[in-house]
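Engineer: Generate a structure from the sequence data that follows.
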Amino acid sequence: MGQAEKINNLENEDVNNGSNTTNQGWTCRLVIASLFGAFGSSYLYGYNLSVVNAPTLYVKEFYNKTWNDRYDQPMEAASLTLMWSVTVSIFAIGGLVGAIMVSPLVKLLGRKGTLLLNNIFAIVASLMLALGEVAGSFEMLILGRFIIGVDAGIALSALPMYLGEISPKQIRGALGQIHSIFICVGVFTGQVMGLPELLGQKSRWNYMFGIIMVPAVVQLLTLPFLPESPRYLLLEKQDAAGAQKALQAFLNKKDVSKELEEVQAEYRAQRSIHLVSMIELFKTPSVRWQIITAIVTMGCYQLCGLNAIWFYTNNILKEAGMDSNQIPYITLITGGVEILAAVVSGMIIEHVGRRPLLIGGFGAMAVFYGLLTIFLNVQTKASWLPYLSFGCILGVIASFCTGPGGIPFILTGELFEQSYRPAAFMIAGTVSWLSNFAVGILFPFIQGAFGAFCFMVFAATCMAGAVFLYFVLPETKGKTFVEISQSFAKINRVAVSITKEEMEWVAAKVKVENSDTQNEHGNVITEMENSL
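Structural biologist: So this is what the prediction gives:
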C-alpha cells in the first residue's frame, strides 16, 4: 500500500469516526476494568492505611493479654509500644517487598495475571488478621500486616501499569485517576468502619480486618473475564491476534488497525522489546531524566508530609474546644475532602493536563503548610484561630489529592516505553515505600525537634518538587508513549531515532488529528524527510 493511500485511509477513518472520539474513549469494558481493578487494589491500600487507627487500644490490650497468658506477667509498656509500632510499620516493609517483586511478576504473568495472583496475598492476610485473636497469636497479626503490605506493593505498580496500557491516550489520565479516587475511598471507609457504632468496638475490631478479603474476592471473580493488556500481548508475547481481540473488547469496535499501528510504532522505535532490568535501566542514557523525574515525583509523593497532617488534626480540633467523642466524626470531613478532590482531578486532568495539576498541587501544599505553621503558633491568641488551622489542613489534603495524590502513578507509566516500564515501576515503588518507611521513623524526631515548625520541612520538600517539575517535566496529555519518550531526547542528549515507516505514520497522524490541507501535509512529510 502506498504512502498516499495510507494517508487517505486514515483520513477517511477520521472523518467517519473522529466526531465520536470522546464517546469511543470510554467503553463498558474499560470502566469495568478500572472499577473492579481499583476496588481490589487501590481501595485495599487506602483501607489498610486507616483501618489500624481505630482499634489501637483493643489490639494493644490483646497483645498484653496474650503475653500475660504465655509468660504469666504483663508486657512492659515500652515493649508493648514497640510491638504495636512494628505491627503498623511492617506494612511499609511488605510494600517494599511487593514493589521489588512486581517486575518479574508482570513479565511472567502479565498485568492482569499479576493482579489476580495478588488477591491471594490479600485473602491470606485478611484471614490471619481476623483470626489472630481467636488463635491467641499476635504473631499472626504482625505477619498479616506484612502480607497485606506485599499486596499493596504489587497493586500500586501493577494496576497503574494495566490501566495505562489498556486506555486510549485521550482518556489515559482520567482512567488512571480512578486509582487515586479508590485510595481515598478506601481511607474514608476505614475511618467510617472504625466508628464505635460500627466495628470500632472491643468485640468487633477483628471484623475490620476480615473485610479486607471482600474486595479481593470480587476482583478474583471479575478480572478473569476481562482481557490482558494489548501492549503486553503484542510487544512482549508477540500475540498479534490476542492483542487485536483485547483492543476490540476494550475499545468496543472492530477496526483497531490504527491503535495496533500506534503500538507497533513503539516497537519499531525501540527496534526490539527486550525487557530491561533495574540496573540496565539506570545505565540507559535515553531514559536518564525520566528515571530522575519518576524518583523525584514518587519521593515527594511520600515525603510531602500528609502523614503529619493526621497527627495534628485531632490536637487542633481539641484546641478548638470540640468534644473528644465528636472528633472521630469531624475528621470524616478530611476523608470526604480527599474523595471530592480526587474526583475533580479525574474530571479535569484531560483538559488541564498532568503538569499544571502536579506542579500546582505541590505549590499549593507549600502555601497551606506555611499558613498552617503561622496559625498553629498563634492559635491560643483567639478561640477562632484553630478553625483556620483546620481549614489549612483541608487545603493541604485537597491540594494533595488534586494532583500529587494520583498523578505520580500515571506518570510512571507514561514516561517509559514497554521494555522499560516494569523496571521503572520497580524503581518508583521502591522509592515510594522507602520514603514511606522513612517518614514513619523520622517524623517523631522531626516533630520533637521543630514542634509546629515541622511543617516548614514539608513545605520546602513540596516547593523543591514543584520547581524541579516546572523545569524538567513536559506535558504528557494526549501523547503516545513514543512521543513522550522523544520529548526527553534533548535533555537526555540523545538523538531522536525514527524509522521511515514511523515517519510516514506520524505524518499521517498529524494530518488526521489536525485536519490540515493536503498541501500542508505534504510540507510536513517533506520536512521530516529532509530532517532524516
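Engineer: The closest residue to residue 53 other than its chain neighbours and residue 201, how far apart?
Structural biologist: Distances taken as C-beta to C-beta, 6 or more residues apart in numbering put residue 194 closest to residue 53, at 6.2 Å, once the chain neighbours are dropped. C-beta here means a position set from N, CA and C on the backbone, and glycine is covered the same way. Counting by C-beta to C-beta, to the nearest Å, the gap from residue 194 to residue 201 is 10 Å.
Engineer: quick one: which helix or strand includes the residue sitting nearest the centre point of the chain?
Structural biologist: For the chain, residue 409 is the residue whose C-alpha lies nearest the centre (C-alpha atoms, centre = their mean; 3.9 Å). Using DSSP states H and E, residue 409 sits in helix 407-414.
Engineer: do residue 244 as well
Structural biologist: helix 240-251.
Engineer: what helices or strands is that helix leaning on?
Structural biologist: Packing partners of helix 240-251 (3 or more C-beta pairs under 8 Å, 6 or more residues apart in numbering; DSSP states H and E): helix 28-39, helix 230-231, helix 257-270.
Engineer: Buried residues in it, which are they?
Structural biologist: Going by neighbour count (16 or more other C-beta atoms under 10 Å), the buried part of helix 240-251 is 242, 243, 244, 245, 246, 247, 248, 249, 250, 251.
Engineer: likewise stretch 328-342?
Structural biologist: In stretch 328-342, counting by 16+ other C-beta under 10 Å, buried: 328, 331, 334, 335, 337, 338, 339, 340, 341, 342.
Engineer: Return the member of those nearest to residue 231.
Structural biologist: residue 342 (26.0 Å; C-beta to C-beta).
Engineer: Double-check that closest one against residue 176; I have them as touching.
Structural biologist: No. Under the criterion of C-beta atoms under 8 Å, residue 342 makes no contact with residue 176, lying 11.5 Å away.
Engineer: Find residues that contact each of those two.
Structural biologist: residue 406 (C-beta atoms under 8 Å, 6 or more residues apart in numbering).
Engineer: sorry, back to before: please enumerate residues in contact with the helix holding residue 409?
Structural biologist: 156, 160-161, 163-165, 172-173, 176-177, 179-180, 293-294, 297-298, 300-301, 345, 349, 354, 357-358, 361, 421, 424-425, 428, 473, 476, 479, 481, 484.
Engineer: Can I get that helix in CSV, CA atoms only?
Structural biologist: Output of helix 407-414 as CSV, limited to C-alpha atoms (Å, rounded to 0.1, in the frame of the first residue of the first chain):
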residue,chain,number,x,y,z
ILE,A,407,-0.6,11.6,39.0
PRO,A,408,2.8,10.1,40.1
PHE,A,409,1.4,6.7,39.3
ILE,A,410,0.1,7.8,35.9
LEU,A,411,3.4,9.5,35.1
THR,A,412,5.5,6.4,35.9
GLY,A,413,3.5,4.5,33.3
GLU,A,414,3.6,7.3,30.7
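Engineer: quick one, the helix or strand residue 183 falls within and helix 28-39 angle?
Structural biologist: In the assignment (DSSP H and E), residue 183 maps to helix 172-193. Put simply, helix 172-193 runs at 40 degrees to helix 28-39, going by axes from the mean of the first three to the mean of the last three C-alpha atoms, to 10 degrees.
Engineer: for helix 172-193, packing partners?
Structural biologist: Where contact means 3+ C-beta pairs under 8 Å, 6+ apart, helix 172-193 is packed against helix 28-39, helix 42-50, helix 138-166, helix 332-352, helix 407-414.
Engineer: Any idea which of those gets closest to residue 468?
Structural biologist: Closest among those, once you apply C-beta to C-beta, is helix 407-414, at 12.9 Å.
Engineer: pLDDT averaged over the closest one, what's the number?
Structural biologist: pLDDT averaged over helix 407-414 equals 91, rounded to a whole number.
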